[in-house]
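>>> please find the sequence and the predicted model below.
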2 protein chains.
Amino acid sequence: MFEQLGLIGCGLMGGSFALAMKKAGLVKRVVGYSKSPSTTDRARQLGVIDVEAPSALLAVAGADIVLLAVPVAATESTLKAIKHLVTPQMLIMDVGSTKADVVQAARRALRDQMGSFVPAHPITGREVSGVEHADAELYSGRQVILTPTERTLTAHLRRAEELWTALGCRVSGMSPESHDAAFAAVSHLPHLLAFAMIQSITGQEESDHFLSLAGPGFRDFTRIAASDPKMWRDILRANRDEVLAQSRHFQRALQALEQAMQAESDQALEDMITLASETRAHWRMGAQRSTKH
Amino acid sequence: MFEQLGLIGCGLMGGSFALAMKKAGLVKRVVGYSKSPSTTDRARQLGVIDVEAPSALLAVAGADIVLLAVPVAATESTLKAIKHLVTPQMLIMDVGSTKADVVQAARRALRDQMGSFVPAHPITGREVSGVEHADAELYSGRQVILTPTERTLTAHLRRAEELWTALGCRVSGMSPESHDAAFAAVSHLPHLLAFAMIQSITGQEESDHFLSLAGPGFRDFTRIAASDPKMWRDILRANRDEVLAQSRHFQRALQALEQAMQAESDQALEDMITLASETRAHWRMGAQRSTKH
């Protein structure tokens, strides 16, 4: 149970965290700050936060837990802005989709207060953004990856694990580097491909006609292409090398399929599709532990 | 209103058509045939068909409407098998995802009976197949593309339009060639990319670990990768040139995004993502006419 949550960034991720903490009875008071005053104001009107802070620093004042829900590129400047009020008792987490860059930014910004920081990545999101879409259930049933550094205080790591578990998440830990490699493969590259798919169509003369004919397969395949541009620009920049490496893996797989098509080797083509189809048909989100599909 | 539907292929598409026709009160009796006797048997047990036919030819005997719901590659042999019982009064349709090849196959097989054939592509489907998943609502609210040839009898075209409209579909017409170009872009390529995405991951040592971390974005992006391998092998073969042309468009778009990442030109990257994101966010399935998302 926490006394006061200092929420920096009152958008979809931050707002949903505040609502989930309140719903679970894990926090008494939420003090929120967003770069845009209208967002902070809207968050208060919607009951996502209880008090508006005029700055990130003042959102941290008196908090025993702080959540950074800002674009990953803003991590360092935000942590520098709050550093003077960070205490060793304070649990600080982020919700960024990349971790190596966030950990480096935290090292530079927090220095001797690095022990308070538990890097976190809840595997959830929406193709919509903004506090209006904040949802107390956004994290429920999802995985959360914690990527503690050697400087992270064990006590804070435990509290973070307990907190996310209490919000209905399954918590696991890994290094920032292996986190970024894995999510380049299963999240960042799919987003890049979805952006490219839409770009590929809009670049053609008949794009409007094509799009008017697209059905449910296209709808689901491209859903993530509607994601927040600034957020994804930052993610693709922050995890560039891993994403480009995964894109090379993907392009080799695509070329193998195209070669089978060109060579009219039906069996080879069918075998490749069968492997993909069976793998996907047996895959369940959240591994063996969940059968939710 | 039809007296008897001759259903050739009692899988997801054919079975759902039979159920929809019965539910709408558009047919009195369904005589069904599937290559596998156990499928035909199961279709009867499930009430999808009323009578089992021992052959495709006998499924057509006495029918005033015939639906071919077989893999596109089997179109010619199936039409040849039934040709001797095809009458000018009979409406024959398929539900294939490619049209130029189907029309060519029909020309070769039906010859002087070509007037009875109305090539149809209902824009729907599932990542699951088989009569067990047949659903009277599969076609409801979907688009259906008819690609009549110069030989198609107008009377049959009208009856086909009325039939699909009565099943709750929005009917439009185009040439087989423009159909195949459009669906290479919005359906066939996305499937190829989804197959390649899964292949790309399974080809890596950490694939199981990667897949255990994948979330809802990956789930929706790869849903179509679970589609029926034989069906998609045939579609990719039948529409190969258009699909490969669309893949080249896609790879150019992907390369442009990667170049922006490599050049660290944040603005260019953000602009490209923004165009994709806004296009997708404003797109609605079924064009302006529907706001279903």
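Yep, that arrived.

>>> against chain B, how distant is the residue nearest the centre of chain A?
Closest to where the C-alpha atoms of chain A average out (C-alpha atoms, centre = their mean) is A:S97, at 3.7 Å. In this structure, A:S97 and chain B are 10 Å apart, going by C-beta to the nearest C-beta, to the nearest Å. (C-beta placed from N, C-alpha, C; glycine too.)

>>> residues touching the nearest residue to that residue once chain neighbours are set aside, list them.
In space, and not counting its chain neighbours, A:S97 is closest to A:I235: 5.1 Å by C-beta to C-beta, 6 or more residues apart in numbering or on different chains. If you count contacts by C-beta atoms under 8 Å, 6 or more residues apart in numbering or on different chains, A:I235 has them with A:V72, A:S97, A:T98, A:H188, A:H191.

>>> for A:G15, same thing?
Taking C-beta under 8 Å, 6+ apart, we find A:G15 in contact with A:L7, A:A43, A:L46, A:V48, A:I49, A:A69, A:V131, A:H133, A:A134.

>>> can you check A:T87 too?
Contacts of A:T87 by C-beta under 8 Å, 6+ apart are A:Q113, A:S116.

>>> thought A:V31 was touching A:L5?
Yes. Counting by C-beta atoms under 8 Å, A:L5 is a contact partner of A:V31 at 7.1 Å.

>>> ok and whichever strand or helix holds A:D241 relative to helix B:240-262, angle-wise?
Element membership for A:D241, per DSSP states H and E: helix A:240-262. Put simply, helix A:240-262 runs at 170 degrees to helix B:240-262, going by axes from the mean of the first three to the mean of the last three C-alpha atoms, to 10 degrees.

>>> list the buried ones in helix A:240-262?
Buried positions in helix A:240-262, judged by neighbour count with 16 or more other C-beta atoms under 10 Å in any protein chain shown: A:240, A:242-244, A:246-247, A:249-251, A:253-254, A:256-258, A:260-261.

>>> okay, the next helix or strand after that helix in PDB with CA atoms only?
Where DSSP H and E defines the elements, the next helix or strand beyond helix A:240-262 is helix A:266-282. Provided in PDB are the C-alpha atoms of helix A:266-282 (Å, rounded to 0.1, in the frame of the first residue of the first chain):
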ATOM      1  CA  ASP A 266       4.600 -25.600 -54.400                       C
ATOM      2  CA  GLN A 267       5.800 -28.100 -51.800                       C
ATOM      3  CA  ALA A 268       8.400 -25.800 -50.500                       C
ATOM      4  CA  LEU A 269       5.900 -22.900 -50.400                       C
ATOM      5  CA  GLU A 270       3.300 -25.100 -48.600                       C
ATOM      6  CA  ASP A 271       5.900 -26.400 -46.100                       C
ATOM      7  CA  MET A 272       6.900 -22.800 -45.200                       C
ATOM      8  CA  ILE A 273       3.400 -21.700 -44.800                       C
ATOM      9  CA  THR A 274       2.500 -24.800 -42.800                       C
ATOM     10  CA  LEU A 275       5.300 -24.100 -40.300                       C
ATOM     11  CA  ALA A 276       4.100 -20.500 -39.900                       C
ATOM     12  CA  SER A 277       0.500 -21.500 -39.700                       C
ATOM     13  CA  GLU A 278       1.000 -24.200 -37.100                       C
ATOM     14  CA  THR A 279       3.300 -22.100 -35.000                       C
ATOM     15  CA  ARG A 280       0.900 -19.300 -34.900                       C
ATOM     16  CA  ALA A 281      -2.200 -21.500 -34.400                       C
ATOM     17  CA  HIS A 282      -0.500 -23.100 -31.300                       C
END
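
>>> what mean pLDDT does helix A:266-282 have?
Mean per-residue pLDDT for helix A:266-282: 97.

>>> low-confidence stretches in chain A?
By pLDDT under 70, the low-scoring segments of chain A are A:287-293.

>>> show me where it has its strands.
A:2-8, A:27-33, A:51-52, A:65-68, A:91-94, A:117-118, A:120-122, A:143-146, A:170-173 (DSSP state E).

>>> separation between the nearest residue to A:D228 once chain neighbours are set aside and chain B?
Of all residues not flanking A:D228 in the chain, A:S129 sits nearest, at 4.5 Å (C-beta to C-beta, 6+ apart). Distance, A:S129 to chain B, using C-beta to the nearest C-beta: 10 Å.

>>> next one: A:G203
6 Å.

>>> which one of the buried residues of helix A:240-262 is nearest A:P119?
A:E242 (16.2 Å; C-beta to C-beta).

>>> isn't that closest one right up against A:S187?
No. Counting by C-beta under 8 Å, A:E242 does not reach A:S187; the two are 10.9 Å apart.

>>> which residues are common contacts for the two?
Overlap of the contact sets of A:E242 and A:S187 (by C-beta under 8 Å, 6+ apart) is empty.

>>> what does the stretch 1-150 of chain A put close to chain B?
Near chain B, the residues belonging to the stretch 1-150 of chain A are A:I123, A:T124, A:G125, A:E127, A:R142, A:Q143, A:I145 when assessed by C-beta under 8 Å from any C-beta of the partner chain.

>>> looking at it, the fourth one is touching B:A276, isn't it?
Think A:E127. No. Counting by C-beta under 8 Å, A:E127 sits too far from B:A276 to count as a contact (11.6 Å).

>>> those two: who's more crowded?
Legend: neighbour count by other C-beta atoms under 10 Å in any protein chain shown for A:E127 and B:A276, higher for B:A276 (28 against 20).
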